[in-house]
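Engineer: Structure for this input, please:
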Amino acid sequence: MVDAAHIGVVGGGAWGTALACLARRAGRRVTLWSRDPAIAKAIATDKANPVYLPGIPIDAGIEAAAGLDDLGACDGLLLVCPAQAVRELARRLPGDGPVVICAKGIEVATGLLMPEVLAEVQPGRRIAVLSGPSFAEEAIRGLPTAISIATFEPALGQSLATALAAGAFRPYWSHDVLGVALGGAVKNVLAIAAGIVEGRGLGYNAAAALATRGFAEMARLGQAMGAELETLTGLSGLGDLVLTCHGPLSRNRSLGLALGKGTRLADHMQGRRQVVEGEATAPAVLARAARLGIEMPICGAVDAILHKGADLDQTIRSLLARPLRREGE
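Structural biologist: The predicted model follows:
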């Protein structure tokens, strides 16, 4: 993908639309497909995405695809969909160009990270992962944003970064595909925990401790899986964790905030179109950690609150009552 003149975007949500606009600013021809015909029509005729980015104009040069097959001639595809939809869409991707996965999560049914899912569905396809601290609304408005693009081929990573870099949008390339994918998945679970801390009024000390100890869980699991610590302390790990735990645009943090204030999960999610990735990822990351013998008490607490009916205050007391240990363990 050295000369990525034509980029296809699979997904018409906020991040897919933002990436389409950023690719256009980088001088690429861009075709975007959305499974929602109303969004595709709005992008084609009104140059807007009123569902996910209301009030923000969309680049007039973005073409709307009638179907996925319209992306077959693209030089590469950005797969921007919820994590649990990656397998279904991966089966339908046309062409043979590189696929850049922009979903953050772990597949619930298999415990696989997103690049592992794609490799299973389309063996031999060139794969990259795009992740990092990136709220779509800020990126599309041209505010400074830095992300990671990981591939097994350094030349491909560099060419993808060049193809997408525009103005204040700065991609950095990496070879640690697993580490970049894992950081983006685990941070969503930890952001729910951060929201609970805030919603429960536990204070700034607790918020700092939560983020730090949560990162320790991410690092333990990542290194056990073969990820590099340098990656986990970078944009797609620690960087994304900081943003998602504290940024007001974070859907995962917002869910935790609501839970901390006493709102039921079902009530918070009712009527919402955007997926909160950490909800499904929590049990999936714990299952993966269990296979490796890795303890993740904060992620476990989030899963217990979300899916096992655990009392919120009792769960917090149980975390605080854990045996004392040396930092780093």
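Engineer: Only C-alpha atoms from now on, for both contacts and neighbour counts.
Structural biologist: OK.
Engineer: With adjacent residues omitted, what lies nearest to Arg91?
Structural biologist: The spatially closest residue to Arg91, leaving aside those adjacent along the chain, is Val121, at 6.2 Å (CA to CA, 6 or more residues apart in numbering).
Engineer: Which parts of the stretch 151-300 of the chain are helices?
Structural biologist: In the stretch 151-300 of the chain, the segments counted as helices under DSSP state H, counting those that start in this stretch are 154-164, 177-199, 203-225, 229-232, 240-246, 251-260, 265-269, 277-292, 297-307.
Engineer: Kindly provide the whole-number mean pLDDT of the shortest one.
Structural biologist: This points to helix 229-232. Taken as a whole, helix 229-232 has a mean pLDDT of 97.
Engineer: Then stretch 154-169?
Structural biologist: 94.
Engineer: Could you do stretch 45-52 as well?
Structural biologist: 94.
Engineer: Run through the protein and note the low-pLDDT ranges.
Structural biologist: Scanning the chain for pLDDT under 70 picks out the ranges 1-3.
Engineer: what's the spacing between the residue nearest the centre of the chain and Val285?
Structural biologist: In the chain, the C-alpha closest to the average C-alpha coordinate belongs to Lys104, at a distance of 2.9 Å (CA atoms, centre = their mean). Lys104 sits at a distance of 12 Å from Val285 (criterion: CA to CA, to the nearest Å).
Engineer: and if you look at Trp173?
Structural biologist: Counting by CA to CA - Trp173 and Val285 are separated by 25 Å.
Engineer: Which one of these two is surrounded by more residues?
Structural biologist: Legend: neighbour count by other CA atoms under 10 Å for Trp173 and Val285, higher for Val285 (28 against 23).
Engineer: Asn188 is in contact with that one, correct?
Structural biologist: No: look at Val285 against Asn188 with CA atoms under 8 Å: they stay out of range, at 10.7 Å.
Engineer: still on that earlier bit, what about the residue nearest to the centre of the chain, which SS state?
Structural biologist: Counting by DSSP: H, G, I helix; E, B strand; the rest coil, the backbone at Lys104 sits in coil.
Engineer: Can you list phi and psi of it for me?
Structural biologist: Note on Lys104: backbone dihedrals following degrees, to the nearest 10 are phi -120, psi 110.
Engineer: For it, give me its contacts.
Structural biologist: For Lys104, the contacting residues are Pro82, Ala83, Met114, Ser131, Ala181, Gly184, Ala185, Glu277, by CA atoms under 8 Å, 6 or more residues apart in numbering.
Engineer: please redo it, this time with the cut-off set to 7 Å
Structural biologist: Contact analysis of Lys104 by CA atoms under 7 Å, 6 or more residues apart in numbering lists Ala83, Ala181, Gly184, Ala185.
Engineer: ok, now how distant is Ile192 from Glu138?
Structural biologist: Taken as CA to CA, the span from Ile192 to Glu138 is 21 Å.
Engineer: Looking at these two, which is more packed in?
Structural biologist: The residue with more neighbours, out of Ile192 and Glu138, is Ile192; 33 against 13, by other CA under 10 Å.
Engineer: hang on, the earlier thing: counting neighbours, what do you get for the residue nearest to Arg91?
Structural biologist: Neighbour number of Val121 under other CA under 10 Å is 17.
Engineer: try Pro82
Structural biologist: Using other CA under 10 Å: Pro82 sits among 17 other residues.
Engineer: swap in Ala163?
Structural biologist: By the other CA under 10 Å criterion, the neighbourhood of Ala163 contains 23 residues.
Engineer: Who's the closest spatial neighbour of it, skipping the chain neighbours?
Structural biologist: Ala4 (6.2 Å).
Engineer: my read: the one you found touches Asp75, true?
Structural biologist: Yes: using CA atoms under 7 Å, Ala4 is in contact with Asp75, at 5.5 Å.
Engineer: ranges for the strands of the stretch 1-150 of the chain?
Structural biologist: 6-10, 29-33, 48-49, 53-57, 63-64, 76-79, 99-101, 127-131, 145-151 (DSSP state E, counting those that start in this stretch).
Engineer: Quickly compare these and say which is most buried.
Structural biologist: Ranked by mean neighbour count, the strands of the stretch 1-150 of the chain are led by strand 127-131 with a mean of 28 (mean count of other CA atoms under 10 Å).
Engineer: I would like the residues contacting that one, please.
Structural biologist: Taking CA under 7 Å, 6+ apart as the rule, strand 127-131 contacts 98-102, 115, 147-151, 177, 180-181, 184, 236.
Engineer: Send me that strand as PDB with only the CA atoms.
Structural biologist: Only the C-alpha atoms of strand 127-131 are listed here, as PDB (Å, rounded to 0.1, in the frame of the first residue of the first chain):
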ATOM      1  CA  ILE A 127      -3.200  -6.900   8.300                       C
ATOM      2  CA  ALA A 128      -2.700  -3.700  10.300                       C
ATOM      3  CA  VAL A 129      -4.200  -2.300  13.500                       C
ATOM      4  CA  LEU A 130      -4.900   1.300  14.100                       C
ATOM      5  CA  SER A 131      -5.400   2.400  17.700                       C
END
